[in-house]
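In: quick one: sequence plus predicted model below, questions after.
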Amino acid sequence: MNIFTDIRGLVVGALDQMVAAGELPAGLDYANVAVEPPRDPAHGDMATNAAMVLAKPAGMKPRDIADKLAARLTDDRITAAEVAGPGFLNLRLAPTVWHGVIIEALGAGKDFGRSDMGANVRINVEFVSANPTGPMHVGHVRGAVFGDALASLLGFAGYDVTREYYINDGGAQVDVLARSAYERYREANGLEPQIAEGLYPGDYLIPVGQALKEKYGDSLIDKPEEDWLVDIRDFSTEAMMAMIGEDLALLGVKMDKYSSEKALYGSGKIEAAIARLESAGLIYRGVLEPPKGKLPEDWEEREQLLFKSTAFGDDVDRPIQKSDGAWTYFAPDIAYHWDKIDRGYEQLIDIFGADHGGYVKRMNAVVKALSNGRVPLDIKLIQLVKLFKNGEPFKMSKRAGTFVTLRDVVEEAGADVTRFIMLTRKNDASLDFDFAKVLEQSKDNPVWYVQYANARTHSVLRRATEAGIDVGDSALQAADLSKLNHPAELELARKVAEWPRLVEHAARAHEPHRIAFFLYDIASDLHSLWNRGNDDVSLRFVQDGDFATSQAKIALVRAVGVVISSGLGILGVTPMEEMR
């Protein structure tokens, strides 16, 4: 149940009555009419902007509309409708509304807040997609967590979601991987590895070299590169993908599908995607202008095959084939997105590192072109994680082989802590990850604070059970919730009521960090009510000798626990029932 949607329905019904009575002109668009929490809780439980957004098209003053609308909102759930400011309408709801939300939460359990908003629309979330040249580092962690949580959020909101990893195994980097692995193979055969500049020096390739020795013995030693490059490249890529899969599993991330860039070459898919663009008149042969900052003597004019991406808002047209006939990096990306469209996805989400910001316009352009604007693409950029250890910034360098791996972070902080902290900032804002702070037990550590709130809900249930109180959900649903009448209790119930609305808003915006923020807020409200009970005995959740009042209060606590547990599930964090 989304109480905000229900009350909006009342508002729209009242507006229709005003139209029927000649108080509003017919044909008004209600799309922007909203019902949401007021900025200041003192103003009421909900507020609607109906009069403000309809005033201009209706040719009326906002307050005139608001006054008439207030008079028609006579539903027994609304105790007051008050016009404020230039024409906002603040609504106060009966306590029974919030009691109903508690009953709904207890009945739905883990599905409370689940929505059908997505209408089972097929949506593809592509994330991580790290080059298969080594283990995942801390820079990949945030994108992995963000993508996985977003996919869970969208599934909770009613979308049919696929988690997909695009393996970048068609570029020059996998040849470098093969050459690096070959040196470790030589090392496994007792020779000194020649880790030339530009190769990957990390120790993670030593086991790959050992495995190559087990497979090939010394048969590849001193053989020319053309004799072993393809086999070792495929072997090493498979080994790296197995390592990446293990790293993702440590973080609790499981992909539904892996797609290979290499598989696109020779399959005809690149040519088919380009042909589709060509049939729309979007492919031509031409010469690009010199890049900004290039002097004429630094620039060699070359005729290339170009995609007319400027027709879709890009800054320049993009090359898809070089003058020597080889495909650019952009060409397989075009084919890959065409493949996703061809597989029937109705929405696409790509999650890129911040260093791929230059790809946003061209990818949006090509998806619009390939789908005739039918399939929206949302590209989310993941900003850097600044890692601190022992109070000092911890540097990493993939090529130097000294980078901090995903496994390092998870083993130090734990998967649950890592996941939650990675979602405490919006994806396009940088994030500081301090090992000391993410493990401390204080209000300043959001994951501990939320988990502590969840543990407190379970401690209340255990204490009540010991006191002989029935705390089964069916019993709590039947409790006399009229005994929940303190403003602080009703405020916490209002917070529970916001959960279904929050889920839909976060899913619509593709912003899972909103879930983490909300969980911190509701945890704070629970802790506040708990602490008030230290001074005011009537606010304690278990009332000695008064089972009926205790059940009502415990029903509220249990509803909060339902929301926290559900939200943590979306984030991929295991709820804790007891704190160590």
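Out: Arrived safely.
In: flag the shaky bits of the stretch 301-450 of the chain, pLDDT-wise.
Out: For the stretch 301-450 of the chain, the stretches with pLDDT under 70 are 395-402.
In: got the residue ranges for the helices in it?
Out: For the stretch 301-450 of the chain, the helices defined by DSSP state H, counting those that start in this stretch cover 330-342, 360-371, 406-413, 415-422, 435-439, 446-466.
In: what of the stretch 151-300 of the chain?
Out: Going by DSSP H, counting those that start in this stretch, the stretch 151-300 of the chain shows helices at 172-188, 206-216, 225-250, 269-279.
In: and of those, who's closest to residue 147?
Out: helix 225-250 (10.3 Å; C-beta to C-beta). (Each C-beta comes from the backbone N, C-alpha and C, glycine too.)
In: contacts for the lowest-mean-pLDDT helix or strand in the chain?
Out: Using mean pLDDT, DSSP states H and E, the weakest-scoring helix or strand in the chain turns out to be strand 392-393, at a mean of 81. With contact meaning C-beta atoms under 8 Å, 6 or more residues apart in numbering, strand 392-393 is reached by 386-387.
In: direction included, what does it pair against?
Out: When pairing is defined by DSSP bridges, strand 392-393 lines up against strand 385-389 (antiparallel).
In: neighbouring contacts of the strand it pairs with?
Out: 138-139, 141-142, 393-394, 396, 404, 409, 422, 430-436.
In: got a PyMOL select line for the buried ones in those?
Out: The PyMOL command for the buried members of these (criterion: 16 or more other C-beta atoms under 10 Å) is given here:
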select buried, resi 138+139+141+142+394+404+409+422+431+433+434+435
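In: run through the stretch 451-580 of the chain and note the low-pLDDT ranges.
Out: Going by pLDDT under 70, which is the cut-off in play, the stretch 451-580 of the chain has no low-confidence ranges.
In: which residues in it form strands?
Out: With strands called from DSSP state E, counting those that start in this stretch, the stretch 451-580 of the chain shows none.
In: please apply the same query to the stretch 1-150 of the chain.
Out: Going by DSSP E, counting those that start in this stretch, the stretch 1-150 of the chain shows strands at 35-36, 46-48, 78-84, 88-93, 122-126.
In: any idea which of those strands is most buried?
Out: Of all the strands of the stretch 1-150 of the chain, strand 46-48 has the most neighbours on average by mean count of other C-beta atoms under 10 Å, namely a mean of 25.
In: helices or strands up against that one?
Out: helix 3-20, strand 35-36, strand 88-93 (3 or more C-beta pairs under 8 Å, 6 or more residues apart in numbering; DSSP states H and E).
In: now these in TSV, with distance to residue 348?
Out: Below are the helices and strands packed on strand 46-48 laid out as TSV (distance: least, C-beta to C-beta, whole Å):
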stretch	distance to residue 348
helix 3-20	28
strand 35-36	29
strand 88-93	38
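In: tell me which of these lies nearest to residue 253.
Out: Closest among these, using C-beta to C-beta: helix 3-20, at 32.2 Å.
In: in this structure, which residue is closest to the centre?
Out: residue 150 (2.7 Å; C-alpha atoms, centre = their mean).
In: just the pLDDT at residue 297, thanks.
Out: Reported pLDDT at residue 297 in the predicted model: 65.
In: on that earlier part again, distance to residue 253 added to the helices of the stretch 301-450 of the chain, as TSV?
Out: TSV is the format used below for the helices of the stretch 301-450 of the chain (distance: least, C-beta to C-beta, whole Å):
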stretch	distance to residue 253
helix 330-342	20
helix 360-371	23
helix 406-413	10
helix 415-422	9
helix 435-439	19
helix 446-466	18
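In: what's the most buried one of these?
Out: helix 415-422 comes out most buried of the helices of the stretch 301-450 of the chain by mean count of other C-beta under 10 Å, with a mean of 24.
In: what sits against the residue nearest to residue 540 when sequence neighbours are not counted?
Out: Sequence neighbours aside, residue 533 is the residue nearest to residue 540 in space, at 4.1 Å (criterion: C-beta to C-beta, 6 or more residues apart in numbering). Shown in contact with residue 533 (C-beta under 8 Å, 6+ apart): 539-541.
In: so which of these is the most crowded?
Out: residue 541 (24 neighbours; other C-beta atoms under 10 Å).
In: please determine how far that residue is located from residue 496.
Out: Relative to residue 496, residue 541 is positioned 15 Å away (C-beta to C-beta, to the nearest Å).
In: contacts for stretch 272-284, please.
Out: 305-308, 311, 320, 331, 334-335, 337-339, 366, 369-370.
In: how about 7 Å then?
Out: 305-308, 311, 320, 334-335, 338, 369-370 (C-beta atoms under 7 Å, 6 or more residues apart in numbering).
In: want to throw the helices and strands packed on strand 46-48 into JSON lines with distance to residue 513 and mean pLDDT?
Out: Listed next are those as JSON lines, based on distance: least, C-beta to C-beta, whole Å; pLDDT from 0 to 100:
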{"stretch": "helix 3-20", "distance to residue 513": "21", "mean pLDDT": "96"}
{"stretch": "strand 35-36", "distance to residue 513": "19", "mean pLDDT": "95"}
{"stretch": "strand 88-93", "distance to residue 513": "28", "mean pLDDT": "96"}
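In: out of these, which is closest to residue 29?
Out: That would be helix 3-20 among these, by C-beta to C-beta, at 11.0 Å.
In: by how many degrees do that closest one and strand 88-93 diverge?
Out: Helix 3-20 and strand 88-93 are oriented at 120 degrees to each other (axes from the mean of the first three to the mean of the last three C-alpha atoms, to 10 degrees).
In: so helix 3-20 versus strand 78-84, what angle?
Out: 70 degrees.
In: start at 42 instead
Out: From this message on, residue numbering opens at 42, which makes the last subject helix 44-61.
In: buried residues, helix 44-61. List them.
Out: Buried residues in helix 44-61 (16+ other C-beta under 10 Å): 44-45, 48-49, 51-52, 55-56, 59.
In: which one of those sits closest to residue 136?
Out: residue 44 (12.9 Å).
In: what sits against the closest residue to that closest one other than its chain neighbours?
Out: For residue 44, ignoring the flanking residues on the chain, the nearest one in space by C-beta to C-beta, 6+ apart is residue 538 at 5.0 Å. Contacts for residue 538 (C-beta under 7 Å, 6+ apart) come out as 44, 139, 142.
In: would you confirm that the first one contacts residue 140?
Out: So the one you mean is residue 44. No - here residue 44 lies out of contact with residue 140, judged by C-beta atoms under 7 Å, at a distance of 11.5 Å.
In: residue contacts, the residue of the chain most remote from its centre?
Out: Taking C-alpha atoms, centre = their mean, the residue of the chain most remote from its mean C-alpha position is residue 263, at 49.1 Å. Applying C-beta under 7 Å, 6+ apart to residue 263 gives no contacts.
In: so what's residue 472 bridging to?
Out: residue 426.
In: how about the contacts made by it?
Out: So residue 472 contacts 183, 424, 426, 463, 466 (C-beta under 7 Å, 6+ apart).
In: and residue 247, by the same measure?
Out: Taking C-beta under 7 Å, 6+ apart, one finds residue 225 in contact with residue 247.
In: for the contacts of residue 538, which one is nearest residue 148?
Out: Taking the contacts of residue 538 together and measuring to residue 148 by C-beta to C-beta, the closest member is residue 142, at 10.7 Å.
In: for that closest one, which non-adjacent residue is closest in space?
Out: residue 538 (4.3 Å).
In: also residue 239?
Out: residue 217 is the one closest to residue 239 (C-beta to C-beta, 6+ apart), at 6.6 Å.
In: what of residue 280?
Out: residue 249 (4.9 Å).
In: ok so, going back, so which of the helices of the stretch 342-491 of the chain comes closest to residue 559?
Out: helix 487-507 (9.9 Å).
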